[in-house]
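>>> I'll drop the sequence and a predicted model, then ask my questions.
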Amino acid sequence: MSNNASECVVTAAYDALLAEIKQYRPHTSLEIVEEAFEFAREAHRTQFRASGEPYIIHPLTVATILAEMRSDLESIAAGILHDVVEDTHHTMEDIINRFGGEIALIVDGVTKLKKVEYTEYTNKIQAKADEQAENYRKMFFHMSKDIRVLLVKIADRLHNMRTLGAMKPEKQREIAQETLDIYAPLAHRLGIARLRYELEDLAFMYSDRDAYNDLTGKIKMKQDERQNVIDLIVTALKHKMQEEGIKAHVEGRPKHFYSIYKKMRSQDKTLDQIFDLFAVRIFVDEISDCYAALGWVHTLYTPVPGRIKDFISMPKRNRYQSLHTTLVDPMGGEPFEVQIRTMEMHQVAEFGIAAHWRYKEGGKSEKDSWLAEIMTWQRELSNNEEFLDALKMDLSAFKGHVYCFTPAGQVIALSSGANTIDFAYAIHSAVGNRMIGARVNGRIVTVDHVLSTGDRVEILTSNNSKGPSRDWLKLVKTPQARSKINQWYKKQNRAENIHRGRELMEEAAKDTKVPLDELFADGRAEEILIRFNCKDLEQLYIMVGVGGLKEKQVVNLLHRDWERAQPLPSDEEILQTIKDEAAAATRKQKSGIMIKGVGDTDVRFAKCCGPLPGDEILGFVTRGRGLTVHRTDCVNIMHMDELDRKRLIEAQWHVPEKMGHTYKTELFLKCEDRDNLLADIYRVFQEEKVKINAISARADKMDAVFNVNVEVADGEHLTRLFTKLKKEFNINELSRVNA
């Protein structure tokens, strides 16, 4: 794309954003938005997306999505700026100084942490999981201060999903699955239906393209067949509302593909057995008109017993309000759904928290309560794997609801499948901890009794109770209840866990050759407490002591910050350090790396990028571990901060022909599956004298997918291997994993 064409595209996107904002803020100064655009455009000027378009189009589109939700100008400015710190040379201090702390907080919340260095982990899968969990922790921490962090993050994910076609198929499926697991449920949790449904349909398309194409094709045929029926129903309802003096707007809409797909899977039905492929909506002015309209609708069509839902008097936990009724079409005998709501309710249904959140207002809300619960149980479930599982469980559980009553008539909303233990802890942790039994609708039941909407639940307690049973952890269905039970047990052994946690961290600190107290000095303790959402060091020790946090993970982070705080050595000191370590190396064979001012020396090769002879390389001087060689295009080098860049040193390959040295790298191979495929692949590797250290394989529809850890002499050796593999097999994808 030429410079002129790029400028035209950017100008058009910016004008579209301003036009969207002016629809609901026609007389407001847009100076903050204009300033954010100029700042971001300059910062991203040399960057382009995988699709080839200027990078600034992405933050502009994110800002436009926020404007479509009628967001405030601070959110929109943060949307424009959200990638500046992560992807350019600008720092968070630059954002604070230019745009203030409010916008900076939102930008910081959506900015990913620095990538975890794989060299600190035994495998890349664990490193990626830890990195993902840490970024979610950071996002939730900032969400607890300002919910707009999540609105920007969801808008960011939506545009990434819209442009996912430029990514490799494997990456598409990975991002699509994360969207279904985390981001679409988060949009649902905040009631942002418009974004949720688009996220789900896009993720469905990329996660299972064949199923998506098959379903959408069949649905279009059925909808074409049913369009006349839909039009007749809409017309009949319009006339009825007009006759009865109810001012109403009526429309028919098809249901979303992913919701139909989920229904087919959960109920084990074919599409021909799913009748309610569309819904009719009636929008009225007043709540009283909703109930009046419901009555008149039932005079036209026969309601299906048990399928009338009143979410107005009993809203969903994300504040969704509407009347739902399922009716039978007299012409075809097929059921269809009618939803009745006011326009104000519709705004909340479409945009959720963005439609009514008053960012400056004080006081508590149901959203505040949810975020407080999230912050509590993520502290308790601090192990990264447990944290991710709990997060997915919480979001998944939110999809279904049951509404039960206390003896005093208080409504308690719970996830579908919840039992009386969940109910007890939903009232208060003290009630759950003293629970000895329960009555449901006046009848004594077991503690694992599953509750249904309308149940009247009485929790039986005793002051002599010894606390919750550990077996309850296997019975509860909500993360909140599990967190509170875990919290009770951890409090019983507080002193022991503090001592054990401190002991484990001191032991881990010995590997760094820096005492733990020194690692904690100079404000590093406060930073690590914020990162892991701990109120003090004792809580951090407890998390380590009970196994919720890995002591090496905490100490490595502290040591990294301690290293950065140390005075940088001079060029002469760096060279002398390398010479000393080279002289002390026990290996007889040199590495084949020439370091400027030193010559051939012994080095470590970075696992994050796996450099091979022929790649352009740089040396990175570490403290106490000599020199690590990276490729110049390594992501860790490209995202390195200014201080670390001063530790880079020129390096180049100098490998004698008879040296015989080999270098490790990892390959990704996807090819058409067939009999004896693995044996034939082994044969090719042996013929090319490529040593295999490890191999993993899996099936992907008609293909076989391999990850192979190998040792090769240089880039030319790898090229010969690739050429032969492509000649022998029907290759769909072949690359270096760390390329």
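It's in.
>>> surely residue 436 is in a strand?
Yes - assessed with DSSP: H, G, I helix; E, B strand; the rest coil, residue 436 lies in a strand.
>>> can you tell me which residue is spatially central in the protein?
Note on the chain: the residue nearest the mean C-alpha position is residue 182, at 5.1 Å, using C-alpha atoms, centre = their mean.
>>> how near is it to residue 351?
Residue 182 sits 20 Å away from residue 351, going by C-beta to C-beta, to the nearest Å. Glycine gets a C-beta too; all of them are placed from N, C-alpha and C.
>>> same thing with residue 474?
From residue 474 to residue 351 the distance is 39 Å (C-beta to C-beta).
>>> looking at these two, which one has more neighbours?
residue 351 (22 against 9; other C-beta atoms under 10 Å).
>>> check whether that one really touches residue 67, as I assumed.
No - if you go by C-beta atoms under 8 Å, residue 351 and residue 67 don't touch, sitting 11.5 Å apart.
>>> quick one, strands of the stretch 451-600 of the chain?
In the stretch 451-600 of the chain, the strands defined using DSSP state E, counting those that start in this stretch lie at 457-461, 593-595, 599-601.
>>> circling back to that earlier point, quick check, the residue nearest to the centre of the chain in a strand?
No - read with three-state DSSP, residue 182 is helix and lies in no strand.
>>> distance of it from residue 222?
Distance of residue 182 to residue 222, given as C-beta to C-beta: 32 Å.
>>> just residue 343 next, same as before
Residue 343 sits 30 Å away from residue 222, going by C-beta to C-beta.
>>> so between the two, which is more surrounded?
More crowded of residue 343 and residue 222, by other C-beta under 10 Å: residue 222, with 16 against 10.
>>> any stretches of the stretch 101-250 of the chain with poor pLDDT?
The model of the stretch 101-250 of the chain has pLDDT under 70 over residues 112-144, 223-225.
>>> the strands in it, which residues?
Listed in chain order, the strands of the stretch 101-250 of the chain (DSSP E, counting those that start in this stretch) span 248-254.
>>> show me where it has helices.
Taking DSSP state H, counting those that start in this stretch, the helices of the stretch 101-250 of the chain run over residues 101-110, 124-143, 148-162, 169-178, 184-189, 193-207, 209-243.
>>> same question for the stretch 551-700 of the chain.
Along the stretch 551-700 of the chain, counting by DSSP H, counting those that start in this stretch, helices occupy 551-565, 571-584, 635-638, 642-645, 677-687.
>>> would you single out the least confident of those helices?
Among the helices of the stretch 551-700 of the chain, helix 571-584 carries the lowest mean pLDDT, at a mean of 54.
>>> give the contact list for residue 729.
With contact set as C-beta atoms under 8 Å, 6 or more residues apart in numbering, residue 729 has these partners: 671-672, 677, 680-681.
>>> counting neighbours, which bits of stretch 173-192 end up buried?
For stretch 173-192, the neighbour count (16 or more other C-beta atoms under 10 Å) marks 173, 175-176, 179-192 as buried.
>>> could you do stretch 237-244 as well?
237, 240-241.
>>> and stretch 74-90, by the same measure?
74-85, 87-88, 90.
>>> run the chain-centre distance for stretch 519-526.
With C-alpha atoms, centre = their mean, to the nearest Å as the basis, stretch 519-526 stands 29 Å off its chain's centre.
>>> C-alpha coordinates for that stretch, CSV please?
Output of stretch 519-526 as CSV, limited to C-alpha atoms (Å, rounded to 0.1, in the frame of the first residue of the first chain):
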residue,chain,number,x,y,z
LEU,A,519,15.9,-8.5,46.8
PHE,A,520,13.0,-6.9,48.6
ALA,A,521,14.7,-3.6,49.2
ASP,A,522,14.4,-0.3,47.3
GLY,A,523,10.6,-0.6,46.7
ARG,A,524,10.8,-4.0,45.0
ALA,A,525,8.6,-5.5,47.8
GLU,A,526,5.8,-3.1,47.1
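>>> what ranges do the helices span in the stretch 301-450 of the chain?
With DSSP H, counting those that start in this stretch as the criterion, the stretch 301-450 of the chain has helices at 343-351, 353-356, 366-380, 384-397, 420-427, 429-433.
>>> so which other helices or strands are in contact with the last one?
Applying 3 or more C-beta pairs under 8 Å, 6 or more residues apart in numbering; DSSP states H and E, one finds that helix 429-433 makes contact with helix 420-427, helix 479-492.
>>> just name the most buried of the ones you listed.
Between those, helix 420-427 has the highest mean count of neighbours, a mean of 25, where neighbours are mean count of other C-beta atoms under 10 Å.
>>> give me the contacts around that helix.
So helix 420-427 is contacted by 404, 406, 412, 414-415, 431-432, 435, 438, 440, 445, 447-449, 451, 457, 459, 468, 472, 475-478, 480-481, 484-485 (C-beta under 8 Å, 6+ apart).
>>> helix 479-492 and that one, what's the angle between them?
Calculated by axes from the mean of the first three to the mean of the last three C-alpha atoms, to 10 degrees, helix 420-427 forms an angle of 80 degrees with helix 479-492.
>>> pLDDT of helix 420-427, averaged?
Taken as a whole, helix 420-427 carries a mean pLDDT of 93.
>>> contact partners for the closest residue to residue 326 other than its chain neighbours?
Take residue 326 and drop its neighbours on the chain: the residue closest to it by C-beta to C-beta, 6 or more residues apart in numbering is residue 307, 3.7 Å away. With contact taken as C-beta under 8 Å, 6+ apart, residue 307 is in contact with 324-326, 335.
>>> now residue 722
Residue 722 is in contact with residue 734, counting by C-beta under 8 Å, 6+ apart.
>>> A helix includes it, no?
Yes - counting by three-state DSSP, residue 722 falls inside a helix.
>>> tell me the pLDDT at it?
92.
>>> just residue 412 next, same as before
Residue 412 carries a pLDDT value of 84.
>>> okay, now it: neighbour count?
18.
>>> residues touching it, list them.
Contacts of residue 412 (C-beta under 8 Å, 6+ apart): 403-406, 423, 426-427, 457.
>>> which of the contacts of residue 729 are buried?
Among those, the ones that count as buried by 16+ other C-beta under 10 Å are 671, 681.
>>> kindly reformat the contacts of residue 729 as TSV containing distance to residue 165.
Below are the contacts of residue 729 laid out as TSV (distance: C-beta to C-beta, whole Å):
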residue	distance to residue 165
671	23
672	23
677	29
680	33
681	30
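>>> which one of the contacts of residue 729 is nearest residue 233?
Closest to residue 233 out of these is residue 672 (49.5 Å), distances taken as C-beta to C-beta.
>>> residues in contact with the closest one?
Taking C-beta under 8 Å, 6+ apart, we find residue 672 in contact with 702-704, 729-730, 732.
>>> which pair in those residues spans the largest distance?
Farthest-apart pair in the contacts of residue 672 is 702 and 729; separation 13.5 Å (C-beta to C-beta).
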